[in-house]
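**Q** what would the 3D arrangement of this be:
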Amino acid sequence: MVAFAGYPLLVEDRLIGVVAIFARHTLSESILDTLASVADTIAQGIERKRAEEALRSALEEIQQSEFKLRQVIDTIPALAWCNLPDGPNEFLNKGWHEYTGLSEEESHGWGWQVSFHPDDLPPLMEKWTKMLVSGVPDEIEARLRRHDGVYHWFLIRAEPFRDESGNIVRWYGTSTDIHDRKQAEALLAAEKRVLEMVASGCSLSEVLDALCRFVEDMASQCYCSVYLIDSSGTKFRNAAAPTLPSSFNDPIDGTPVDSETGPCGMAACLKTQVIASDVASDPRWPVSIFRPQALAHGLRSCWSTPILSLAGDVLGTFAIYQHQPGSPTPLQQDLIARFTHIASIAIERAHSEAELKRSEAFLAEAQQLSLTGSFIWHVATDQITWSEQLYRMYEIEIGARVTPELIRTRVHPEDISLLEKMKMVHQTEAGVTNFEWRYRLLMPNGSIKYIQAVAHATGDQANELEYVAAVQDVTGRKVAEEALTKARSELAHMSRVTTLSALTASIAHEINQPIAAVSTSAGACLRWLNRDQPEVQRAREAAMRIEDDVKRAAEIITHLKSFYKKDVLPHREMVFLNEVVGEMLVLLRSEADRHSVLMRTELTEDLPSVRADRVQLQQVLMNLMLNGMEAMSEEGGELRISTGREPGEVMVAVSDTGVGIPADKMKEIFNAFVTTKAKGTGMGLAISSTIIESHGGRLWATTNPERGATFYLTLPTEM
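**A** Numbering: from 1, shown residues only. Alright, predicted model coming up:
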């Protein structure tokens, strides 16, 4: 070769190759120019070819990527889709088609709309349109129809995909099944509504009716009913059946709670769920009206569940009926469990409220009959809650707001201090929790009521001080007690005067004794003084005997005067029982002689004194001793009076050997107008018992082992 020429192949100053020419002769200028021109054309052709190959390769890669992306989207556990910028669908994954049962042709473009619930489509399209206009991602909940026609709730999320210029080129989204969550939310909302009904005091029938409708809404194509067991525990009572015809439900009312009655009776007896999946072929309950009744109304299945209390007692049954044979689904079983739980709460609350109202009615009636009211006083707030009877007692309008000021308008001015707040609160702080006080009410008409109250300090839920109290109107009792006290005083006075009259001769004899002694001693005194040699010492001794006998007579007269003198308010003094016994021995000596009775004493020395009314004690001892003498009047006998000491008290016993006390009278002899004597008034022992009891003591009688009776009285040594 003689000649060679080469020229670079450049594309935008980028070397992509070289074009060369070889010749056996010298190359002319024209050939070189042609080479340069051809080199540029060759460079452009090579570059174009390379670009076409690169584009072809890129398209193949894109197609491969799209295929892989579709494969991925088809396999993810969600319904995925891709829509064009203006809204129509471009692509729906395999899961979406399988779930809805729609083909690609049926769902392409705007065809996908037919898969949504008619009620949810309008709000869905409204939200979708706003997203297309705003370009902002968003989400919405809607029901999507499954291939078998069942709708489930889905959460639909959409996100725009933009190019490098920010323009939306696609909308990508997913639809996630949230049906279980929506059901759980609906269950919680329904339970909340029903529990609010229970808490707000709705009637039991309203609550159970709402529960039945709630189950019927959640588990479609079913009918619910509730049958409660009556108070006797033997019969069913209709409680709720909102959608069952009365022709089916009414005959069940009053049917016996028995396993042969039907599914509900068996469930109640066995305390377990009873499922009749096909009523027509179920062999149980052959003689019950349940099967023909259910089939006549087109009910082919029944599931009955007992409603149990917290203690495990059967309160009633809950039944679900369907037109087709079948058993409960897991959802329905969950609904049944929830229903029976809430129903048991509602039923037990209704029973408790009914019992509470019944108790409140009894309490109100009892308070009215017994003239007893009650109140609660919250100290921190001065809030006072009265019972109706307390309003009546104070003669204040029922329901009026009770304040300390209102109470003071009724309390007698002299008794206001008894009800001062701080006094009771300070005592509580010191550890005192129980209180009792008496006060008077001054009514608007000027009348007086006597009130007795007892209170107990306690704490409320916040541990703040409260007082719970019972208040009783004791006006009638007070008047009766005053009348009884007056009558007893009159009777005691009559008894003393009557006894005094009967013993006049004996008293005269006792008075005559010291008077005769005075006369004898006076004569002796004069004789000793009238002698030629007066014996002054003997005269002095006679004069001293006169003084002693006069004192003795004066003492007897003084005691007799105090005995028959009427004294409404007895005078109490320290008295030695042995002295009183001695006085009665002197006073009744002639009476004992008249009845041929020998009186003996067994007196304990150093007997402690008692605070008592001496005259009243004389009256009691006189009555007991005279009774003993009269019991021995036919044949005479022995009357023994003894004294003794017991822990904290002294005792006197009067024992006779008379006819004794009949057994049928032993428990009644201290009652007024009860007597064992033919001419007795029956008041002596009654008055004696009252006197001893007023002194804080006791009076009782026993039959002696051999003959006669013994009466015992005790008196406290400190009062």
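**Q** and residue 259, how many neighbours?
**A** Summarising burial for residue 259: neighbours were counted as other CB atoms under 10 Å, giving 17. No exception for glycine: its C-beta is placed from N, CA and C like everyone else's.
**Q** correct me if wrong: it contacts residue 272.
**A** No. Applying CB atoms under 8 Å as the test, residue 259 and residue 272 come out as separate, 11.5 Å apart.
**Q** any regions of the stretch 401-550 of the chain where pLDDT drops low?
**A** 418-426, 429-430, 460-462, 484-485, 487-514, 516-517, 520, 548-549 (pLDDT under 70).
**Q** and with 90 instead?
**A** By pLDDT under 90, the low-scoring segments of the stretch 401-550 of the chain are 401-440, 442-443, 446-447, 449-550.
**Q** helices of that one, residue ranges please.
**A** Along the stretch 401-550 of the chain, counting by DSSP state H, counting those that start in this stretch, helices occupy 404-408, 421-429, 475-502, 504-530, 536-564.
**Q** let's see the first one as CSV, backbone CA atoms only.
**A** Taking Å, rounded to 0.1, in the frame of the first residue of the first chain, the C-alpha atoms of helix 404-408 are listed here in CSV:
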residue,chain,number,x,y,z
PRO,A,404,-79.4,23.1,110.6
GLU,A,405,-81.3,26.4,110.6
LEU,A,406,-84.5,24.7,109.5
ILE,A,407,-84.1,22.1,112.2
ARG,A,408,-83.6,24.8,114.9
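**Q** tell me the secondary structure for the closest residue to residue 201 other than its chain neighbours?
**A** In space, and not counting its chain neighbours, residue 201 is closest to residue 353: 8.0 Å by CB to CB, 6 or more residues apart in numbering. Each residue gets one of three states, and residue 353 gets helix by DSSP: H, G, I helix; E, B strand; the rest coil.
**Q** and the gap between residue 353 and residue 193?
**A** Residue 353 sits at a distance of 20 Å from residue 193 (criterion: CB to CB, to the nearest Å).
**Q** now do residue 283
**A** Residue 283 is 41 Å from residue 193, by CB to CB.
**Q** compare these two (neighbour count), which wins?
**A** Higher neighbour count among residue 283 and residue 193: residue 193, with 12 against 5, using other CB under 10 Å.
**Q** surely the more buried one meets residue 210?
**A** Yes. Using CB under 8 Å as the test, residue 193 is close enough to residue 210 to be in contact (7.1 Å).
**Q** what's the domain layout of the chain?
**A** 3-68, 76-177, 183-351, 363-473, 475-568, 570-719 (automatic domain parsing).
**Q** so what's the model's average confidence on the third one?
**A** In this case it means domain 183-351. The average pLDDT for domain 183-351 rounds to 87.
**Q** same check, this time on the shortest one
**A** Taken as a whole, domain 3-68 carries a mean pLDDT of 69.
**Q** next: stretch 124-144.
**A** 92.
**Q** give me the residues contacting it.
**A** 79, 85-87, 99-100, 113, 115-117, 119-121, 123, 151-160, 168, 171, 175, 178, 182 (CB atoms under 8 Å, 6 or more residues apart in numbering).
**Q** for residue 599, see how far away residue 636 is.
**A** 12 Å.
**Q** quick one: which of those two has more around it?
**A** residue 599 (18 against 14).
**Q** all the helices of the stretch 101-250 of the chain, residue numbers only.
**A** Using DSSP H, counting those that start in this stretch, helices in the stretch 101-250 of the chain cover 104-107, 121-134, 179-199, 204-218, 246-249.
**Q** out of those, flag the one nearest residue 613.
**A** helix 179-199 (66.1 Å; CB to CB).
**Q** tell me which element the nearest residue to residue 103 once chain neighbours are set aside is part of?
**A** Spatially, and ignoring its direct neighbours in sequence, residue 103 is nearest to residue 97 (6.8 Å; CB to CB, 6+ apart). If you go by DSSP states H and E, residue 97 is part of helix 94-100.
**Q** who are the packing partners of that helix?
**A** helix 29-75, strand 79-83, helix 104-107, strand 138-145 (3 or more CB pairs under 8 Å, 6 or more residues apart in numbering; DSSP states H and E).
**Q** go again using 10 Å as the cut-off
**A** Helix 94-100 is packed against helix 29-75, strand 79-83, strand 89-92, helix 104-107, strand 138-145, strand 168-177, with contacts defined by 3 or more CB pairs under 10 Å, 6 or more residues apart in numbering; DSSP states H and E.
**Q** joint contacts of residue 636 and residue 599?
**A** The contact sets of residue 636 and residue 599 overlap at 592, 629 (CB atoms under 10 Å, 6 or more residues apart in numbering).
**Q** roughly how far does the closest residue to residue 169 other than its chain neighbours sit from residue 379?
**A** Of all residues not flanking residue 169 in the chain, residue 163 sits nearest, at 5.2 Å (CB to CB, 6+ apart). Remark: distance between residue 163 and residue 379 (CB to CB) = 78 Å.
**Q** more neighbours: which of the two?
**A** The neighbour count for residue 163 versus residue 379, taken as other CB under 10 Å, is higher for residue 379 (17 against 9).
**Q** per-residue confidence at the more buried one?
**A** 77.
**Q** can you pull the phi/psi pair for it?
**A** Here is the backbone geometry of residue 379 (degrees, to the nearest 10): phi -70, psi -40.
**Q** so what's the closest residue to residue 113 other than its chain neighbours up against?
**A** The spatially closest residue to residue 113, leaving aside those adjacent along the chain, is residue 121, at 6.1 Å (CB to CB, 6+ apart). Residues in contact with residue 121 (CB under 10 Å, 6+ apart) are 113, 114, 115, 142, 143.
**Q** tell me how far residue 121 lies from residue 88.
**A** In terms of CB to CB, residue 121 sits 15 Å off from residue 88.
**Q** hang on, residue 708 packs against residue 655?
**A** Yes. Assessed by CB atoms under 10 Å, residue 708 is found in contact with residue 655 at 6.6 Å.
**Q** give me the common contacts of the two.
**A** With CB under 10 Å, 6+ apart, residue 708 and residue 655 have common neighbours 628, 638, 639, 640.
**Q** who does the helix or strand in which the third one is found touch, helix- and strand-wise?
**A** Pointing back at residue 639 there. Taking DSSP H and E as the definition, one finds residue 639 inside strand 637-646. Under the contact criterion of 3+ CB pairs under 10 Å, 6+ apart, strand 637-646 touches helix 577-587, strand 597-602, helix 614-631, strand 649-655, strand 709-716.
**Q** change it to 7 Å
**A** The helices and strands touching strand 637-646, judged by 3 or more CB pairs under 7 Å, 6 or more residues apart in numbering; DSSP states H and E, are helix 577-587, strand 597-602, helix 614-631, strand 649-655.
**Q** okay, the third one in CSV with CA atoms only?
**A** Taking Å, rounded to 0.1, in the frame of the first residue of the first chain, the C-alpha atoms of helix 614-631 are listed here in CSV:
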residue,chain,number,x,y,z
ARG,A,614,-87.3,4.8,153.6
VAL,A,615,-91.1,5.1,153.7
GLN,A,616,-91.4,3.2,150.3
LEU,A,617,-89.1,0.4,151.6
GLN,A,618,-91.3,0.2,154.7
GLN,A,619,-94.3,-0.1,152.5
VAL,A,620,-92.7,-2.9,150.5
LEU,A,621,-91.6,-4.9,153.6
MET,A,622,-95.0,-4.3,155.3
ASN,A,623,-96.8,-5.7,152.2
LEU,A,624,-94.5,-8.7,151.9
MET,A,625,-94.7,-9.5,155.7
LEU,A,626,-98.5,-9.0,155.8
ASN,A,627,-98.9,-11.3,152.8
GLY,A,628,-96.9,-13.9,154.5
MET,A,629,-99.0,-13.6,157.7
GLU,A,630,-102.2,-13.8,155.8
ALA,A,631,-101.0,-16.9,154.0
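**Q** still on that earlier bit, what would the helices and strands packed on strand 637-646 look like in a markdown table with distance to residue 5?
**A** Output for the helices and strands packed on strand 637-646, formatted as a markdown table (distance: least, CB to CB, whole Å):
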| stretch | distance to residue 5 |
| --- | --- |
| helix 577-587 | 168 |
| strand 597-602 | 174 |
| helix 614-631 | 167 |
| strand 649-655 | 158 |
